[in-house]
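Q: build me a model from this:
(chains A, B, C and D)
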2 protein chains.
Amino acid sequence: MKKAIYTYQYPHPALTVDCIIFGFDGQNLKVMLIQRKSEPFAKMWALPGAFIDEAESLESCAERVLMKECNISGVYLEQLFTFGNPARDPRERVISVAYMGLVKTADFELIAGNDELQIEWRDVKEIPDLAFDHQQILQTAIDRIRGKIRYQPIGFELMNPKFTLPQLQQLYEAILGQSLDRRNFRKKLLTMQILKQLPEKQQNVAHKAAFYYEFDKERYEVLMTEGIYLELV
Amino acid sequence: MKKAIYTYQYPHPALTVDCIIFGFDGQNLKVMLIQRKSEPFAKMWALPGAFIDEAESLESCAERVLMKECNISGVYLEQLFTFGNPARDPRERVISVAYMGLVKTADFELIAGNDELQIEWRDVKEIPDLAFDHQQILQTAIDRIRGKIRYQPIGFELMNPKFTLPQLQQLYEAILGQSLDRRNFRKKLLTMQILKQLPEKQQNVAHKAAFYYEFDKERYEVLMTEGIYLELV
DNA sequence: ATACATTATGTAAAATTTACGCATTGATAT
DNA sequence: ATATCAATGCGTAAATTTTACATAATGTAT
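A: Here you go, the predicted model:
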């Protein structure tokens, strides 16, 4: 055991930031998992995380974790919840602030860091047993993203800058875990006016080509500052 | 300065739990504030809070804070957000997990604890300058309760067990900061079927007496487990 | 008895949501 | 070339929900 160096007048719990990074590959909703190299829970799958540094903010810590794992940077991050069950880590009292992120899987190459045996995108419908209370953390994140997509256009973090309406619908269905009516989905998203149709169409598809759209960020900002409650699905 | 007793191999931030307790007095929405006795921010108003103990959960810590301040126990508590700006406390790195609670002001007598000069219910529309980043924490809580009341019957934590519909509407208007149509409010709440009308009416009011209602908790649980999304206002 | 303040109920019009039908498109097979 | 096929894009009627009010009922105070 290493020598203890940091001393305090009062008990201080250890604090980690764990990241739940959802990725969309055009078909299914995935989540980034690492396989632990060391004890506790060696060889088990877990959410990537790190102990917080002395002078970094919670969100900076989440960004550092992602940079370390797979050079992910500049991603959308949102604080999810703080897990503080006294027994959640067998080593010592560890409180974990969970951050949720949204990315396109194709944008990043996952490379296992020093503490990991492997790092992978795993389908949210097929999650292995996870270390610590990470199953519970992940479930909380899934509930959050399902609630969130109904009134915030988070899809755009998970889609390419240009996308077709059926592709966007595929994402909604993957997240919500249910199918939606094509025609009503289209109507609802378009009347919201947060999409801009582009002149281009899909190429080389064995059926009628769909138009590409892009997210109208300006329009979205306007709606948000006006406090308009979007109900996207 | 006291002698340091707690030692760790790695730097650990201090961790506090701060409580935003909303109270309803039948007219307006209040929040529980304390006036600090000691530095930093001596004499300033602040949210009640405490450093976490070694073996207590985050929520237990919130409960302990409330018990210490004013014998409040058994109240509805919900984790709000975790504030971790490295400079938010001038003494050392302190990360604060904020919990939000809902009570009826009449149920509790506020008695200042040892660390406080005063403790008071303050109207959310007239909040003084607050210590630390508590202004920001409070604003986050107000945003949360406004969002929450639209789809969860939180009113019942803030009302007496028996209440009239106009009284309930008064609460909704105090939280949302806007007036609502009497007739449509009644219709919406009643079609939701989470209220049970009682045979009793108000007594000794100088106008037509209103019927009392109570919250149908069973019915609410059923709706929740069926995953029904209530939209109350 | 009458005035008054407030509760309780109803209803028509407007807006939104839901459930589909059908024409269009463009690559692929015949 | 022409037909086939799978998927996109547009439209519409019915059902449901929301909104904006009008009016009757009740119990105390004058």
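Q: is any part of stretch A:103-120 close to chain B?
A: No. Judged by Cβ under 8 Å from any Cβ of the partner chain, stretch A:103-120 and chain B are separated, with a smallest distance of 14.6 Å. In this view, the C-beta of every residue, glycine as well, is placed from N, C-alpha and C.
Q: contacts for that stretch, please.
A: Under the contact criterion Cβ atoms under 8 Å, 6 or more residues apart in numbering or on different chains, stretch A:103-120 has outside partners A:21-26, A:30, A:32-38, A:43, A:48, A:68-72, A:75-76, A:121, A:157-160.
Q: got the CA coordinates for that stretch in CSV?
A: C-alpha atoms of stretch A:103-120 as CSV (Å, rounded to 0.1, in the frame of the first residue of the first chain):
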residue,chain,number,x,y,z
VAL,A,103,-22.1,10.8,-30.4
LYS,A,104,-22.1,9.2,-33.7
THR,A,105,-20.1,5.9,-33.4
ALA,A,106,-18.5,6.4,-36.9
ASP,A,107,-16.8,9.6,-35.7
PHE,A,108,-14.5,7.9,-33.2
GLU,A,109,-12.1,5.0,-33.1
LEU,A,110,-12.2,3.4,-29.7
ILE,A,111,-8.8,2.5,-28.4
ALA,A,112,-8.5,0.8,-25.0
GLY,A,113,-6.6,3.0,-22.4
ASN,A,114,-4.0,1.7,-20.0
ASP,A,115,-6.5,0.6,-17.4
GLU,A,116,-8.6,-1.3,-19.9
LEU,A,117,-8.5,-4.7,-21.6
GLN,A,118,-11.0,-3.7,-24.2
ILE,A,119,-13.3,-0.8,-25.2
GLU,A,120,-16.5,-1.4,-27.3
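Q: what comes up buried for it?
A: Going by neighbour count (16 or more other Cβ atoms under 10 Å in any protein chain shown), the buried part of stretch A:103-120 is A:103, A:104, A:105, A:108, A:110, A:113, A:116, A:119.
Q: any idea which residue of chain A lies closest to DNA strand D?
A: Closest contact between chain A and DNA strand D, by Cβ to the nearest atom of the strand, is at residue A:166 (2.8 Å).
Q: next one: that residue relative to chain B, how far apart?
A: Here the criterion is Cβ to the nearest Cβ, to the nearest Å. By it, residue A:166 lies 26 Å from chain B.
Q: residue A:152 now?
A: In this view, residue A:152 and chain B are 12 Å apart by Cβ to the nearest Cβ.
Q: check contacts around the residue lying closest to that residue once chain neighbours are set aside.
A: Closest residue to residue A:152 apart from its sequence neighbours, by Cβ to Cβ, 6 or more residues apart in numbering or on different chains: residue A:230 at 6.8 Å. Residue A:230 sits next to A:151, A:152, A:153, A:192, A:194, A:223 when contact means Cβ under 8 Å, 6+ apart.
Q: the first one contacts residue A:229, correct?
A: Okay, so that is residue A:151. Yes. Counting by Cβ atoms under 8 Å, residue A:151 does reach residue A:229; the two are 6.4 Å apart.
Q: so which of those two has more stuff around it?
A: residue A:151 (12 against 8; other Cβ atoms under 10 Å in any protein chain shown).
Q: ok, the more buried one - contacts?
A: Per Cβ under 8 Å, 6+ apart, neighbours of residue A:151: A:229, A:230, A:231, A:232.
Q: ok, the residues you listed vs residue A:209, which is closest?
A: Ranked by distance to residue A:209 (Cβ to Cβ), the contacts of residue A:151 are led by residue A:232 at 24.7 Å.
Q: does the closest one touch residue A:189 like I think?
A: Yes. Counting by Cβ under 8 Å, residue A:189 is a contact partner of residue A:232 at 6.7 Å.
Q: looking at these two, which is more packed in?
A: Counting neighbours by other Cβ under 10 Å for residue A:232 and for residue A:189 shows that residue A:189 has the greater number, 20 against 17.
Q: please settle this for me: is the more buried one part of a helix?
A: Yes. Under the criterion used here (DSSP: H, G, I helix; E, B strand; the rest coil), residue A:189 sits inside a helix.
Q: surely it meets residue A:196?
A: No. Applying Cβ under 8 Å, one finds residue A:189 not in contact with residue A:196, separated by 11.7 Å.
Q: mind listing residues that contact the longest helix belonging to chain A?
A: Criterion DSSP state H: the longest helix present in chain A is helix A:134-148. Contacts with helix A:134-148, where a contact means Cβ under 8 Å, 6+ apart, come from A:18, A:20, A:22, A:31, A:46-47, A:80-81, A:83, A:96, A:98, A:100, A:102, A:124, A:127, A:129-130, A:154, A:175-177.
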